[in-house]
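# no letters, just coordinates:
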C-alpha cells in the first residue's frame, strides 16, 4: 500500500484491502444490488406493473430480507418466510371468515383477541429450544397474520390480500434464490469445510509455538497474565489466530444449519451430506484446543518451574509435541482432501512418545525401583 | 409431575415445566401479544383509522419486528429501524426529486441504477466488522429506500409516502418501547450480571469436581475420551453445567451490546455503566475455565499417572484446589453483591498453596540439594 497522509485515501485503501482480502464480499454486494434491481424492474417496467399491480412491492422487501451471504442461509430464511406466510395466511382467512359471520360489533373484538393470542403463542413458541433456529419464521407468522386480517377487515377481502402477498413473496423469493444460487454462489458447506481445516492447522501451530517458548525462554522473561491483557501476546502469532478456534462453536453450528439447506454442490455430491459430523469433529478439536490453552496458561503463569527442570525432559517433550503436531496436520490434510489415509502408525507414535514422557517423569518422581515395579504392574494390567 | 401415558398430557406438562422454569418467558409472550393488540387497535377502532389511514398498518410490522426479549435489544433494533428509515427516506426523496427533473424516459433508469447502487453499498458496508452489529439497520435502509422511491415513482408523491411510513414506524416503536419497558421489563444488564456470576460458580464447581475425581478414582476405572462421547460424562454434574461457560463469549458480548442501550435501572444506576467490563471479566474467567478443561482432559486421557503417584501430592493438590475454589466463589459473591471486599489474603493463600505444590514436585524431581539451591536462587530473584 502506498503511504499517504490524506485521510480519505487511507480510508479508501482500507476498503480496497478489505475487498481484496476476500473477493466474495464484493461478489455478494453486487449480487444483492442485482437482485434488488431485478425485483424493482417488476414495478419500474410498465408491462409487469399492469399485470401485478402495486402489491408487487412486497417482492422487493422479500429480496432485501431474504438475501443472505450463503446459499444455505438464504434457503433457510426463504423457507421460514414462505412457510410462515402460508400458515399465517390460512389462519387469517379462517378467522376472518369466522369474524364475518358474527355481527359487526363483535368483529373487531374477535380480530383483536385473535391478534393477542397469535402474538402470545408465536412469541412463546420461539423461545422453545428446538424452535430457536426458526425464530424468524414465527415473527413472519405474527406480522403476516396481522397484516392480512386487518387488510381483510378494512378492505373486506382477506383472501385477495393474502394471495397477492403470497405471490409477491414467491416472486421475490424466486429472484433471490436464482441470483444467489446461479451467480458465483457462496456455499455454507464449502465455508464449513474450510473453517474446520483452518481450525486444525491453528491448533497444531499453537501447540508447537507454546512448547517452543516453554523450552526456549528463561521463565523470568515471559510476561505473566496479570501484567498483560489476556488477548495480547505480540510475540505469539499462532496464538492470535488460535483465539477464533476457541470460540468456533457458534460459527460451525450456524454454518452446518445453513449447509443442510443446500443442494449437492462442488465436492459435496451426496444428497443428505452429514454436515453435523463437521460440528462433532469441531467439538472434539476444540477439546484439544483447550489442552493447548492449558499449556499456554502454564507458559504465562506467575509460578514457573525452573529452567533446568524444564530441560530435564526436553527430548521427550519435543518428541511428543512434534508427533502430535504431525498427526493433527495429517488429519487436517485428510479432511481437506476428503480422503482417508492410514493413520495407525502416526497415532501409535503419539501414544508412544507421550507414554515415554509420562514414564520419564514417573522415573524421576519415584525411586527407580518403585517406578519399575509400577511399570511392570501397569503393563500387566494393559495386556 | 404426575405420571401419565397420554402423549398430549406429557406434552402439556413439558410446556408447563418450561414456563415454570422461567416465568419471564410467559411475561414476554403476553407482552408481545399486548403490544400487537395495541398497535392493531389503531386500525380496528374507527377514530384513529380515520386520522391515520391504512398506512398505519406499518406500525404493526414494526411491533412484530422490533419486539425483542430484553429492553436493550428492543432499543437497539428500534434505533436501527428508525435511523435506517430516516436515512433511506431522505436519500429516496432526494433521488426521486432528481429523477423527476429528468425526462420521463430517463426516470426509471435513474431509479433502477440508484436501487442497484444502494443494494450494493449497504450489503458491502454491513460486512465491515465494525458495522456487523448494525446489520439490520442496513437491511432497513435498502428496503425502505426501494419502497419509498418506487411508491414515489408510481404514485407520484415520495415525500408523503416517506412521512406516512416514518410516523407509522414511530407509533409502532412507541407502543413497543412502552410495553416492553413499563410492564415487567426484562433487562439485558441484569441478565449479563447473573450470567457472569453463574459462570464463576460453575468454574469453581468443576475445578473441585475434577480434582476430587482425580484423587478418588483408580485411573483404570475412568472412561477414556475415545470410548465415550465428548459431552457425556454422566457422573460429573458440575462439568455438564460448565459446558456453557466455555462457549459463553457470544452470549456475554450480545448481552453487553444490548445492555448499553438500556437506561439506568435496578442496581445499575450509573448512566454510562461500564458493561464492557463484564465481557472482559468473562474473558479472563474463560481462561480459568480452559485450565479446568486441561485438568478434565488429564482425568480422561488414556495415559494415566499411577494412583500412588497421584497420592504423593494429595495434601498439596487438595489445599491448592480448595484455596482456588474459595477465591473464585468469593469473587463471584463480590460481583453478585457489587461490593469489593479485601481479597489480598485469599489471593495470597492461593499463591502460597500453589507454590507449595510446585516446590513439592520439584523437590521430588531434583535431588534434595539441587532443589534447595534452586529455591534460594528463585527467592533471591523475586525479592
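Alright, I've got the coordinates. Bear in mind that the values here come from a model prediction, so they are computed numbers and not experimental data.

# what strand or helix carries residue A:38?
Under the criterion of DSSP states H and E, residue A:38 resides in helix A:24-44.

# just give me how far that helix sits from the chain centre.
Relative to the centre of its chain, helix A:24-44 is centred 25 Å away, using CA atoms, centre = their mean, to the nearest Å.

# give me the pLDDT for the closest residue to residue A:68 other than its chain neighbours.
The shortest distance from residue A:68 to any residue other than its chain neighbours is 4.5 Å, reached at residue A:74 (CB to CB, 6 or more residues apart in numbering or on different chains). C-beta coordinates here come from the backbone N, C-alpha and C atoms, glycine included. Residue A:74 carries a pLDDT value of 94.

# residue A:139 is in contact with residue A:81, correct?
No. Counting by CB atoms under 8 Å, residue A:81 does not reach residue A:139; the two are 9.6 Å apart.

# any idea how far residue A:287 lies from chain B?
Going from residue A:287 to chain B by CB to the nearest CB, to the nearest Å gives 6 Å.

# list the buried residues in the one helix or strand residue A:253 maps to.
Under the criterion of DSSP H and E, residue A:253 resides in helix A:249-259. Using 16 or more other CB atoms under 10 Å in any protein chain shown as the test for burial, helix A:249-259 gives A:249, A:251, A:252, A:253, A:254, A:255, A:256, A:257, A:258, A:259.

# run a quick neighbour tally on the residue of the stretch 151-300 of chain A found nearest chain B.
Scanning the stretch 151-300 of chain A for the residue nearest chain B gives residue A:294, at 2.5 Å (criterion: CB to the nearest CB). A total of 20 residues lie near residue A:294 under the criterion other CB atoms under 10 Å in any protein chain shown.

# for it, give me its contacts.
B:290, B:291, B:293, B:294, B:295, B:297 (CB atoms under 8 Å, 6 or more residues apart in numbering or on different chains).

# any residues of the stretch 51-200 of chain A in contact with chain B? List them.
A:54, A:57, A:60-61, A:64-65, A:67, A:69, A:108, A:111-112, A:115-124, A:127-128, A:139, A:142-143, A:146-147, A:150-151, A:153-155 (CB under 8 Å from any CB of the partner chain).

# please tell me how far residue A:333 sits from chain B.
Look at residue A:333 and chain B: by CB to the nearest CB, they are 21 Å apart.

# against which helices or strands is the host helix or strand of that residue packed?
Using DSSP H and E, the element containing residue A:333 is helix A:314-337. Judged by 3 or more CB pairs under 8 Å, 6 or more residues apart in numbering or on different chains; DSSP states H and E, helix A:314-337 is in contact with helix A:188-216, helix A:344-365.

# buried ones in that helix?
Those would be A:316-325, A:327-332, A:335, for helix A:314-337 by 16+ other CB under 10 Å.

# likewise for stretch A:88-102?
Within stretch A:88-102, the residues that qualify as buried are A:88, A:89, A:91, A:92, A:93, A:95, A:96, A:99, counting by 16+ other CB under 10 Å.

# how about the residues you listed in TSV, adding distance to residue A:350, pLDDT and secondary structure?
Listed next are these as TSV, based on distance: CB to CB, whole Å; pLDDT from 0 to 100; DSSP: H, G, I helix; E, B strand; the rest coil:
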residue	distance to residue A:350	pLDDT	secondary structure
A:88	56	92	helix
A:89	59	90	helix
A:91	59	92	helix
A:92	62	90	helix
A:93	65	88	helix
A:95	65	90	helix
A:96	68	86	helix
A:99	71	84	helix
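
# ok so, going back, how about the helices and strands packed on helix A:314-337, which one is nearest residue B:43?
Closest of the helices and strands packed on helix A:314-337 to residue B:43 is helix A:188-216, at 40.1 Å (criterion: CB to CB).

# list the buried ones in the helix or strand just after that closest one?
Later in the chain than helix A:188-216, the nearest helix or strand by DSSP H and E is helix A:237-246. Neighbour-count burial for helix A:237-246 flags A:238, A:239, A:242, A:243, A:245, A:246 (criterion: 16+ other CB under 10 Å).

# helices and strands around helix A:237-246, which ones?
Against helix A:237-246 (3+ CB pairs under 8 Å, 6+ apart) you get helix A:188-216, helix A:275-299.

# any idea how far whatever helix or strand comes next after the helix holding residue A:38 is from the middle of the chain?
Downstream of helix A:24-44, the first helix or strand assigned by DSSP H and E is helix A:46-52. Distance, stretch centre to chain centre, for helix A:46-52: 41 Å (CA atoms, centre = their mean).

# against which helices or strands is the next helix or strand along the chain from helix A:46-52 packed?
Per DSSP H and E, the first helix or strand lying C-terminal to helix A:46-52 is helix A:57-66. With contacts taken as 3+ CB pairs under 8 Å, 6+ apart, helix A:57-66 sits against helix A:24-44, helix A:71-101, helix A:158-182, helix B:135-155.

# helix A:57-66 versus helix A:24-44: what angle between them?
Angle of helix A:57-66 versus helix A:24-44, following axes from the mean of the first three to the mean of the last three CA atoms, to 10 degrees, is 170 degrees.

# and the helices and strands packed on helix A:314-337 as CSV, adding mean neighbour count?
Compiled in CSV, the helices and strands packed on helix A:314-337 are given as follows (neighbours: other CB atoms under 10 Å in any protein chain shown):
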stretch, mean neighbour count
helix A:188-216, 20
helix A:344-365, 16
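
# weakest of these in terms of mean pLDDT?
helix A:344-365 (a mean of 85).

# other residues contacting that one?
Here helix A:344-365 makes contact (CB under 8 Å, 6+ apart) with A:312-313, A:316-317, A:319-320, A:323-324, A:326-327, A:330, A:371, A:374-375, B:302-303, B:305-306, B:309, B:312, B:361, B:364-365.

# got the angle between that helix and helix A:314-337?
Using the same axes, to 10 degrees: helix A:344-365 against helix A:314-337 is 160 degrees.

# distance from helix A:344-365 to the middle of the chain?
36 Å.

# same question for stretch A:169-179.
Its chain's average C-alpha position is 24 Å from that of stretch A:169-179, according to CA atoms, centre = their mean.

# any buried residues in it, and which?
Of all the residues in stretch A:169-179, those buried under the rule 16+ other CB under 10 Å are A:169, A:171, A:172, A:173, A:174, A:175, A:176, A:177, A:179.
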